[in-house]
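J.: Let me see the structure of the following:
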Amino acid sequence: MIGAIVLGAGSSRRFGDDKRKARLPDGRRVIEQTTENALTAFEAVLLVLRADDQAFKAQLIESLGSEHLRVFLAPDSALGMGHSLASAVTAVSQWEGAFICLGDMPYLTQATLRQLQTVMAKRTGPRIVVPTHAGEWAHPVGFSADYFGSLQTLTGDRGARHLIKANQDDVVEIAFGDPGVSQDIDVPQDLR
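T.: Residues are numbered from 1 along each chain as shown. Okay, the predicted model is just below:
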């Protein structure tokens, strides 16, 4: 199975408030919409929250109401995204691959997510699937299980970009016209 890990354990420093809970124009929270998008395309989704998000976890489980969703409280989330991702990958070790979705990217379309998953599923061997938009790497990036060990060594605020650069022979890039692969919520003005 190829699943999605939705990273929602950050501190939203640039946003000025908890952007995970910020409301989109339709009333949905940013993290809810991002997770819902992943749930429409993947049969398993692991939503990663902060270690102290017990109450928020309960709210999200109730509002999203999916048997395909697991919510994981990252024990070292305060140490940075790398720590959160490393511990999350440990929780999905039985998967064949995982797409790392940033929790502040609610504009990804179901069609894009399904196309990425299809490309990952059709390939064999070690692979990293990277969407691009306007010639730039975007998100979510998919890693076959061959990379789970390397992902589990991440620390601090360091993501997995260095793994992509170091393993170019295994990278499959897919160009998208969908701007959702590169649109995230950094400041309140990004809520449209």
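
J.: Tell me the secondary structure of the one residue sitting closest to the centre of the chain, please.
T.: In the chain, the centroid-proximal residue (C-alpha atoms, centre = their mean) is Cys101; its distance is 1.5 Å. Under the three-state scheme (DSSP: H, G, I helix; E, B strand; the rest coil), Cys101 adopts strand.

J.: show me where pLDDT drops low in the protein?
T.: In the predicted model of the chain, residues 11-16, 187-190 satisfy pLDDT under 70.

J.: ok, now how distant is Thr155 from Lys165?
T.: Distance of Thr155 to Lys165, given as C-beta to C-beta, to the nearest Å: 17 Å. All C-beta atoms are positioned from the backbone trio N, CA, C, and that covers glycine.

J.: out of those two, which sits in the more crowded spot?
T.: With neighbours defined as other C-beta atoms under 10 Å, Thr155 and Lys165 compare such that Thr155 has more, 13 against 10.

J.: tell me the contacts of that one?
T.: 79-80, 82-83, 86 (C-beta atoms under 8 Å, 6 or more residues apart in numbering).

J.: how about the nearest residue to His81, chain neighbours excluded?
T.: Check again: residue 81 is Met, not His. Once flanking residues are discounted, Met81 sits nearest to Asp157: 5.4 Å by C-beta to C-beta, 6 or more residues apart in numbering.

J.: Secondary structure of the one you found: a helix, I assume?
T.: No: per three-state DSSP, Asp157 lies outside any helix segment and is coil.

J.: Thanks a lot, see you next time.
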